[in-house]
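Trainee: test case, fold it:
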Amino acid sequence: MARFVLVHGAFAGAWLWEGIVGKLEAAGHSVETLDLPGSGNDHTPLEAINLDTYAERVCEVLGRREEQAVLVGHSMGGMAVAQAASRCPDRVASLIYVAAFLPGERQSLKGLTELPEGEGDHVQATMVVSGEPPIATLLQDDSIIAFYNEASPEKALWAAQGQRPQPVIPFVDEAKLSEGYERIPRSYVHCTKDQANMPALQRRMIDERGVQRVIELDTDHTPQLSSPDKLVAALDELARKEVPA
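Mentor: Numbering: from 1, shown residues only. Down below sits the predicted model:
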């Protein structure tokens, strides 16, 4: 069975994975989650946060065990896992992107959202950026529309209320991808009702970045909440193809 390391996206924290950890473990896998710097319960100073510090945190978690991991990135977490896998590729058995930003060399999250296929992204349309270093905030109602519109009202409200302001520098930092990263198998969970990372943009990244396997879910940006059983089944299937039982 696989060792999963799950990496959350913008405005969130490790708490976003709570509903599927036990389900993955019941399927026989081991699961680790983490808070990226400045997210969840982590309080790294804002001026120290960038895409490299995200990658450093992920590699730190990967290095706690000798076993290679199936590294999963959700949303902005796709940028973090790509950079981490470039930094410590020998610790990664495979990569799974869940409604995630999947960069090429020198691409940033912001740059990806500005591609024609990114038009209609509710996050970029509604988030407010302020301060220096800059942070982004989203109103509760906009968060629910962007991220949780297929979840139950109770789950959507719980998640929106758990969000924190998001450091902006990781949005604009460009990915620096290594040869080691390029050799790691990549899979994608494509969410067809996404209003944060538009389905057309997901498909363009899948087509351009050499993704070997794709599973489509008819759900919103956060299947952890709206379709947890379907997401667990997808992760289990994709991991088993790379990590034999």
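Trainee: can we go C-alpha only for contacts and neighbour counts from here?
Mentor: Fine.
Trainee: what lines up beside whatever helix or strand Val189 lives in in the sheet?
Mentor: For Val189, the host element (DSSP states H and E) is strand 186-191. If you go by DSSP bridges, strand 186-191 pairs up with strand 92-98 (parallel), strand 213-217 (parallel).
Trainee: which other residues reach stretch 47-55?
Mentor: Stretch 47-55 has contacts (C-alpha atoms under 8 Å, 6 or more residues apart in numbering) with 36-38, 79-81, 83-85, 87, 133, 167, 169-170, 173, 175.
Trainee: swap that for stretch 7-21, please
Mentor: Against stretch 7-21 from outside (C-alpha under 8 Å, 6+ apart): 6, 31, 33-36, 39-41, 58, 71-78, 80-81, 159, 162-166, 224-225, 228-229, 232.
Trainee: so which of these sit within strands?
Mentor: 6, 31, 33-34, 71-74, 166 (DSSP state E).
Trainee: ok, now which ones touch the residue nearest the centre of the chain?
Mentor: With distances taken as C-alpha atoms, centre = their mean, the residue of the chain nearest its centroid is His74 (1.9 Å). Neighbour list for His74: 6-9, 97-101 [criterion: C-alpha under 8 Å, 6+ apart].
Trainee: which of those residues sits closest to Pro116?
Mentor: Nearest to Pro116 among the contacts of His74, counting by C-alpha to C-alpha, is Phe101 at 14.7 Å.
Trainee: past the strand holding Val189, which element shows up next along the chain?
Mentor: Next element after strand 186-191 (DSSP H and E): helix 199-208.
Trainee: that next one to strand 186-191, inter-axis angle?
Mentor: 160 degrees (axes from the mean of the first three to the mean of the last three C-alpha atoms, to 10 degrees).
Trainee: what is the burial count for the closest residue to Gly38 other than its chain neighbours?
Mentor: In space, and not counting its chain neighbours, Gly38 is closest to Thr44: 5.1 Å by C-alpha to C-alpha, 6 or more residues apart in numbering. By the criterion of other C-alpha atoms under 10 Å, Thr44 has 13 neighbours.
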